[in-house]
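Novice: Here you go, sequence then predicted model.
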Amino acid sequence: MANWCSNMVTFEGSIEAIKQIQQLFEAMKENEEKTEQGQLPDFTDNTNGGYFFNIYWNEGDEGIFQYETKWAPNSEILRTIAERYLLNFIHDYEEMGNGIYGKASYQNGILDDVCLSDEELELYSFDEETDTYHFEGEVYEIEYEILEILLERKLSF
């Protein structure tokens, strides 16, 4: 059974293109519910995976989607979608079972994908007795606070 990678993508661009993206994701969600299988847009290459599962969005949010993929993020599929609709995007993803935590952005035809390394993930520790995380002399209740600090540092370089 696959580990599930959680993804959130925010598309940016013209209102018309965002409406088309919304229709695309609505159609994929409908197909997934009918077929109970992951989805890809018809115009993408399906040989490398990257299927969208459990697609959802908050009511009123257009162009912002959350979904799952098997094992790893699907930034390359998102790039194909963005190129077709002339959009940019920000893609946040994480699958901590495999030590994957990162952010990809696509702007002006350039995909920039930044993911924390194994070495960076080893910079903090979990204390089972206190159920807390320790990082740089500080105590954290939530691991994601540390992950965001590490990712923001890496993105700033």
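Specialist: Sure, I can see it.
Novice: Against Gly97, how distant is the nearest residue to Lys70 once chain neighbours are set aside?
Specialist: Closest residue to Lys70 apart from its sequence neighbours, by CB to CB, 6 or more residues apart in numbering: Ala2 at 3.7 Å. In this view, the C-beta of every residue, glycine as well, is placed from N, C-alpha and C. According to CB to CB, to the nearest Å, Ala2 stands 10 Å off from Gly97.
Novice: what kind of secondary structure is the residue sitting furthest away from the middle of the chain in?
Specialist: Relative to the mean C-alpha coordinate of the chain, counting by CA atoms, centre = their mean, the farthest residue is Glu129 (31.9 Å). Using DSSP: H, G, I helix; E, B strand; the rest coil, the structure places Glu129 in coil.
Novice: Wait, a strand at the residue nearest to Lys70?
Specialist: No. If the criterion is three-state DSSP, then Ala2 is coil and not within a strand.
Novice: Hmm, Glu68 and it touching each other?
Specialist: No. Using CB atoms under 8 Å, Ala2 is not in contact with Glu68, being 9.2 Å away.
Novice: what sits against Glu120?
Specialist: 150, 154 (CB atoms under 8 Å, 6 or more residues apart in numbering).
Novice: Tell me the confidence at it?
Specialist: For Glu120, the pLDDT comes out at 97.
Novice: For the chain, just list every one of the strands.
Specialist: For the chain, applying DSSP state E gives strands covering 4-12, 53-56, 64-70, 88-95, 100-107, 110-115, 125-127, 132-135, 138-140.
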